[in-house]
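In: okay, sequence plus prediction incoming.
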Amino acid sequence: TGCPEGRYGLYCDKDCICKNGARCHGFNGACECRPGWRGRVLINATFILNATRCPPGYWGEVCHQVCDCQYGGTCDRWEGCLCPPGRHGDRCEYICAPGAFGWNCSMNCHCQNNASCDPVNGTCICAEGQWGDSCQNFYFCPPGLYGDRCEHTCTPGSFGLNCSKDCHCQNNASCDPVNGTCFCVEGQSG
């Protein structure tokens with residue numbers, strides 16, 4: 001087995017100095033940069049450590065483990081498959097469980113009122129009538145209006161709160177969307 005994370009050397013007695021999520025080689029302290037990062041680390045003035053790369057599709061201490069990354073995952077020299085945000089698993093075969101998102105599904109969503117969350121970036125997906133970054137707010141429409149922002153008038157034949165009541169007018173007369181009072185057709189009364 002190798003040294004614990006953050007240590008290297010024959011007796012695991014040296015501290016790794018890798019930064020920005022780079023992995024430290026357990027034997028020689030070489031820093032393997034994560035995708036999107038580059039650079040070299042000088043351990044002392046006369047010795048520059050260079051980690052060798054594994055052949056494509058392989059990873060591990062001696063490059064003997066096979067990477068079979070799916071869904072856009074990339075093979076990392078030290079960790080195997082690095083999954084894109086919203087995926088996890090040895091081969092990136094799983095999507096984040098509800099309430100989780102991001103790299104390796106390691107972040108928790110903060111959506112409220114049973115709103116769902118985008119597994120890639122954590123954006124809350126509000127249900128109709130909800131709004132706000134966390135779906136923490138509700139729209140309460142007055143009688144006669146409906147919609148996410150109360151922007152629609154009740155359709156003909158309905159009225160009231162959320163347009164949930166049916167008009168009972170005769171002769172195809174329409175009704176007031178707020179209180180249901182029938183509008184008489186010209187020439188009729190009652």
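Out: Looks like it came in fine. Numbering: from 1, shown residues only.
In: please parse the chain into its domains.
Out: 1-51, 96-138, 141-190 (automatic domain parsing).
In: could you redo these as CSV and give each row distance to His64?
Out: Any C-beta I mention is one placed from the backbone N, CA and C, and that applies to glycine too. Listed next are the domains of the chain as CSV, based on distance: least, C-beta to C-beta, whole Å:
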stretch, distance to His64
domain 1-51, 14
domain 96-138, 23
domain 141-190, 55
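In: so which of those domains is nearest Trp59?
Out: For Trp59, the closest of those is domain 1-51, at 10.3 Å, according to C-beta to C-beta.
In: avg pLDDT for the closest one?
Out: Mean pLDDT, domain 1-51: 67.
In: quick one: closest of the domains of the chain to Leu82.
Out: domain 1-51 (6.6 Å).
In: wait, Asp76 touches Gly57, no?
Out: No. If you go by C-beta atoms under 8 Å, Asp76 and Gly57 don't touch, sitting 11.9 Å apart.
In: which one of these two has more residues nearby?
Out: Taking other C-beta atoms under 10 Å, Asp76 and Gly57 do not tie; Asp76 has more neighbours (18 against 12).
In: Cys141: neighbour count?
Out: For Cys141, using other C-beta under 10 Å, the count is 19.
In: likewise Cys54?
Out: For Cys54, using other C-beta under 10 Å, the count is 19.
In: got it, and Gly72?
Out: Here the number of neighbours of Gly72 (other C-beta under 10 Å) works out to 12.
In: mind listing what the residue lying closest to it once chain neighbours are set aside touches?
Out: With sequence-adjacent residues excluded and distances taken as C-beta to C-beta, 6 or more residues apart in numbering, Gly72 is closest to Pro84, at 4.5 Å. Shown in contact with Pro84 (C-beta atoms under 8 Å, 6 or more residues apart in numbering): Tyr71, Gly72, Gly73, Cys92, Trp103, Val120.
In: would you format those residues as a markdown table with pLDDT, distance to Gly26 and secondary structure included?
Out: Shown next, in a markdown table, are the contacts of Pro84 (pLDDT from 0 to 100; distance: C-beta to C-beta, whole Å; DSSP: H, G, I helix; E, B strand; the rest coil):
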| residue | pLDDT | distance to Gly26 | secondary structure |
| --- | --- | --- | --- |
| Tyr71 | 93 | 29 | coil |
| Gly72 | 92 | 29 | coil |
| Gly73 | 91 | 24 | coil |
| Cys92 | 92 | 25 | coil |
| Trp103 | 82 | 23 | helix |
| Val120 | 92 | 33 | coil |
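In: of the residues you listed, just say which sits nearest to Glu61.
Out: Closest to Glu61 out of the contacts of Pro84 is Gly73 (20.2 Å), distances taken as C-beta to C-beta.
In: so the closest residue in space to Pro98 that isn't next to it in sequence bridges to which residues?
Out: Ranked by C-beta to C-beta, 6+ apart and with sequence neighbours excluded, the top spatial neighbour of Pro98 is Ser116, at 6.7 Å. Ser116 forms beta bridges with Ile125, as assigned by DSSP bridges.
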